[in-house]
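Here's a sequence, model it:
(2 chains, ligands or ions: 2)
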Amino acid sequence: MRARVLLVEDTPTEAEIAKAHLAAFGHECRHAATVAEALRLAAEWPCDAVLIDLQLPDGTGFELMRALRAARHAAVLIVITVNASLDTAVEAMRGGAFDFIAKPYSRARLRVTLDNALETRRLRAELEEARAQLGRGSFFGFVGASPAMRAVYRTIESVAASKASVFITGESGTGKELAADAIHRASPRARGPFVALNCAAIPKDLLESEIFGHVRGAFTGATESRAGAAKQADGGTLFLDEIGEMPMEMQVKLLRFLQLGTFTPVGGTRTERVDVRIIAATNRDIRAEVEAGRFREDLFYRLYVVPLEMPPLRERGEDALLLARHFLELFSREEGKDFRDFDEAAAAAIAADPWPGNVRQLQNVIRNVVVLHEGPLVTRAMLPARLFQPPPREAQAREAPPPAPGQVEPLAVVEKKAILAALEHTGQDVPRAAALLDVNPSTIYRKLAAWKKAG
Amino acid sequence: MSSLDPHISRQLREDLAPAVLRSVVQTFERDLGRLAQEMLAAARAGDASGYQRAAHSIAGAASAVGAVALEREARLAMDPAQPEPPHILLPRLMREAQAAIAALKQMLG
Ligand SMILES: Nc1ncnc2c1ncn2[C@@H]1O[C@H](COP(=O)(O)OP(=O)(O)OP(=O)(O)O)[C@@H](O)[C@H]1O
Ligand SMILES: [Mg+2]
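Ligands and ions are numbered 1, 2, ... in the order given. Down below sits the predicted model:
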């Protein structure tokens, strides 16, 4: 990140060295040798960081910091001090400095301190932006201004800074993954990786290696050593989705990892240490799972440090319409359509529906409308007639019987059958069907549209 | 006792391009000339705070280039309790300044 750095230093030797470092980092630098000059420059040149020597000819660095803070200057302040005594450091921090550097300092030290400070400043700005958005009904990737969602935003904000494990519960499609992502992005780990692992989607016997990695030769097919999710998430956040599906043997291993902070890759002998924040999610009733003995209680308490409950869409009042409008605008743009709004009856239907599949269902419905119809208004008739009907939960996969030998069907027919089977299997959930077929959801929507046109 | 801290010398050579380092040493030499004059003048005028301020700047500059022996003298002069009067300390400080510059130039090769 290229930044603007104001250097306040009266001794030319030191200034010259600092300027050389800043230039090497690619930052833009201006130099002031006095408090007065620094204030003048800061007022006319919007800088991101100020590097401050404490002893200046016309005052102290503390006075400069006070003046900058009084002027509500947005730059992050870093103090450079000869005597890195604890007192000076404490006073500098109290005076509003983000950090301090003791002289003499290396280029690497300056870089780390400055990068940290600039990153924190960027985060702070982002959080402020997010906070400002609260009033407008959005927060990071979330749309929604209902009291229930505001409470969610507040929880996310307040837990973001710590490393505490967060346990997200909520019905399917309520935005659990989005919440995990928001926590990561609001946290000081935002620059680190966010690694999501769906415990339900991974075959039992591969889960350990997916999480902890394996060494070469650990099992048949392990031709190379591979880092697992825990290692990949080092310095960032590991999101364990559908944790309720984790097999017992794996729960033990995860618990040990959480207790010790270390793990051993499958087939390995050396333990590895990583620094990750854990976020877990499930749409199961996790307490019932614990009571039934399917989920370890000790692991539950390790993970359930900060609970975050995603409210179902039917409890979010006006949010359903807010979300519908948001998706309408988004998908119209994506599909090159000119939808503007919902007519009264359509809006009423959306507001009244219980949305058992929550935000994801709403998202699917709106995408469907946009792909299959033309704007500018969404009418009630464009919406599924039976919005109220929950999608079949465990629709049996009725696979098409294999064609008799010699009986080959045209590709287009095979394709149509495959898509319809996938849709049926997923309860008409297009994105999931698309994932099953390994195609883009829009491919399925386009096919549906084409078939509809063809009658 | 060497006048430069070998660790900091190495760091400077690693961090700065030779031309930049050469220029830093020239700046340091100019700084010392000016600041030593200021200390001398302040001592003559009995201006204790001016004397300490100039000593502080010398300490900062010396520390930045790893001139530890010079930095130590400058810090003694910065001490408001003044364990040694200027007429004892200043000549010693000047000698250390010369030694530091010589050592830095030698380092440049
Ligand atoms: N409040 C919201 N605003 C905007 N988009 C949302 C919101 N909540 C969810 N979404 C979107 O809806 C979709 C479903 O959300 P997500 O995958 O986070 O749900 P989930 O709770 O993890 O569901 P499941 O339990 O089925 O895994 C995603 O595309 C997500 O971006
Ligand atoms: Mg999910």
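
Now residue A:28. Nearest residue, chain neighbours left out?
Nearest residue to residue A:28, sequence neighbours excluded (CB to CB, 6 or more residues apart in numbering or on different chains): residue A:4, at 4.8 Å. (Glycine included, C-beta is placed from N, CA and C.)

Is it correct that residue A:347 is in contact with residue A:322?
No - using CB atoms under 8 Å, residue A:347 is not in contact with residue A:322; the gap is 11.1 Å.

what touches both of the two?
Residues touching both residue A:347 and residue A:322 (CB atoms under 8 Å, 6 or more residues apart in numbering or on different chains): there are none.

Just the buried positions in whichever strand or helix holds residue A:157, please.
Using DSSP states H and E, residue A:157 sits in helix A:147-160. For helix A:147-160, burial by neighbour count (16 or more other CB atoms under 10 Å in any protein chain shown) applies to A:148, A:149, A:152, A:153, A:155, A:156, A:157, A:159, A:160.

contact partners of that helix?
A:127, A:130-131, A:134, A:139-140, A:142, A:166, A:179, A:182-183, A:186-187, A:306, A:308, A:310-311, A:315-316, A:319.

List the contacts of residue 21.
No chain was given, so I picked chain A. With contacts defined as CB under 8 Å, 6+ apart, the neighbours of residue A:21 are A:107, A:110, A:111, B:15.

Wait, chain B was what I had in mind.
For residue B:21, the contact set (CB under 8 Å, 6+ apart) comprises B:12, B:13, B:108.

which one of these is nearest residue A:359?
Closest approach between the contacts of residue B:21 and residue A:359, by CB to CB: residue B:12, at 57.5 Å.

Test my guess that the closest one contacts residue B:28.
No - between residue B:12 and residue B:28 there is no contact under CB under 8 Å: 11.0 Å.

Looking at the two, which is more packed in?
Taking other CB atoms under 10 Å in any protein chain shown, residue B:12 and residue B:28 do not tie; residue B:28 has more neighbours (27 against 24).

Can you tell me the centre-most residue of chain A?
Central residue of chain A (CA atoms, centre = their mean): residue A:181, 1.9 Å from the mean position.

That one reaches residue A:140, doesn't it?
Yes - assessed by CB under 8 Å, residue A:181 is found in contact with residue A:140 at 7.4 Å.

Wasn't the residue nearest to the centre of chain A part of a helix?
Yes - assignment of residue A:181 by DSSP: H, G, I helix; E, B strand; the rest coil places it within a helix.

how much space between it and ligand 2?
Look at residue A:181 and ligand 2: by CB to the ion, to the nearest Å, they are 10 Å apart.

got the contact list for that residue?
A:140, A:141, A:194, A:239.

and the last one, helix, strand or coil?
In other words, residue A:239. Going by three-state DSSP: residue A:239 is strand.

Tell me how many other residues crowd it.
By other CB under 10 Å, 27 other residues sit near residue A:239.

Among the contacts of residue A:181, name the ones in strands.
Within the contacts of residue A:181, residues falling in strands by DSSP state E are A:194, A:239.

The contacts of residue A:181: which ones sit near ligand 1?
residue A:141 (CB under 6 Å from any ligand atom).

Which of the contacts of residue A:181 are buried? Put it as a PyMOL command.
To isolate the buried members of those in PyMOL, using 16+ other CB under 10 Å:
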select buried, chain A and resi 140+194+239
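
Tell me the one among the contacts of residue A:181 nearest to chain B.
Of all the contacts of residue A:181, chain B sits closest to residue A:194, with 33.9 Å by CB to the nearest CB.

Run through the residues that contact the closest one.
With contacts defined as CB under 8 Å, 6+ apart, residue A:194 is in contact with A:180, A:181, A:184, A:185, A:233, A:236, A:237, A:239.

How about the helix or strand encompassing residue A:121 and chain B, touching?
For residue A:121, the enclosing helix or strand under DSSP H and E is helix A:107-136. Yes - counting by CB under 8 Å from any CB of the partner chain, chain B has neighbours in helix A:107-136: residue A:107.

For stretch A:260-277, C-alpha coordinates in CSV please.
What follows is stretch A:260-277, C-alpha atoms only, in CSV (Å, rounded to 0.1, in the frame of the first residue of the first chain):
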residue,chain,number,x,y,z
LEU,A,260,-2.9,-27.0,22.6
GLY,A,261,-2.8,-24.7,19.6
THR,A,262,-0.8,-27.5,17.9
PHE,A,263,-1.5,-30.4,15.7
THR,A,264,0.2,-33.2,13.8
PRO,A,265,-0.4,-33.7,10.1
VAL,A,266,-1.8,-37.1,9.2
GLY,A,267,1.2,-39.5,9.0
GLY,A,268,3.5,-36.9,10.5
THR,A,269,5.6,-37.0,13.6
ARG,A,270,6.3,-33.4,14.2
THR,A,271,3.6,-31.1,15.8
GLU,A,272,3.0,-27.7,14.2
ARG,A,273,1.8,-24.6,15.8
VAL,A,274,-0.5,-22.1,14.2
ASP,A,275,-2.3,-18.9,15.1
VAL,A,276,-5.9,-19.2,14.0
ARG,A,277,-9.2,-17.8,15.1
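
quick one: contacts of that stretch?
Contacts for stretch A:260-277 (CB under 8 Å, 6+ apart): A:163-165, A:184, A:187, A:189, A:208-209, A:211-219, A:222, A:225, A:228, A:230-231, A:233-238, A:253, A:256-257.

Would you mark the buried spots in it?
Result for stretch A:260-277 [16+ other CB under 10 Å]: buried residues A:263, A:264, A:265, A:266, A:268, A:272, A:274, A:276, A:277.

For the fourth one, which non-adjacent residue is closest in space?
It refers to residue A:266. Among residues not flanking residue A:266 along the chain, residue A:214 sits closest, at 3.9 Å (CB to CB, 6+ apart).

Tell me how many other residues crowd residue 70.
Just going to use chain A. 8.

wrong one, I was asking about chain B
For residue B:70, the neighbour count with other CB under 10 Å is 30.

One more: the one 10 residues further on?
For residue B:80, the neighbour count with other CB under 10 Å is 7.

List the contacts of the closest residue to it other than its chain neighbours.
Spatial nearest neighbour of residue B:80, chain neighbours left out: residue B:52 (6.7 Å); criterion: CB to CB, 6+ apart. Counting by CB under 8 Å, 6+ apart, residue B:52 makes contact with B:77, B:78, B:80.

same thing with residue A:229?
Neighbour list for residue A:229: A:195, A:197, A:210, A:211, A:238 [criterion: CB under 8 Å, 6+ apart].

Please spell out which residues along the helix or strand harbouring residue A:17 are buried.
Taking DSSP H and E as the definition, residue A:17 sits inside helix A:12-25. Neighbour-count burial for helix A:12-25, counted by 16+ other CB under 10 Å, picks out A:12, A:13, A:14, A:15, A:16, A:17, A:18, A:19, A:20, A:21, A:22, A:25.
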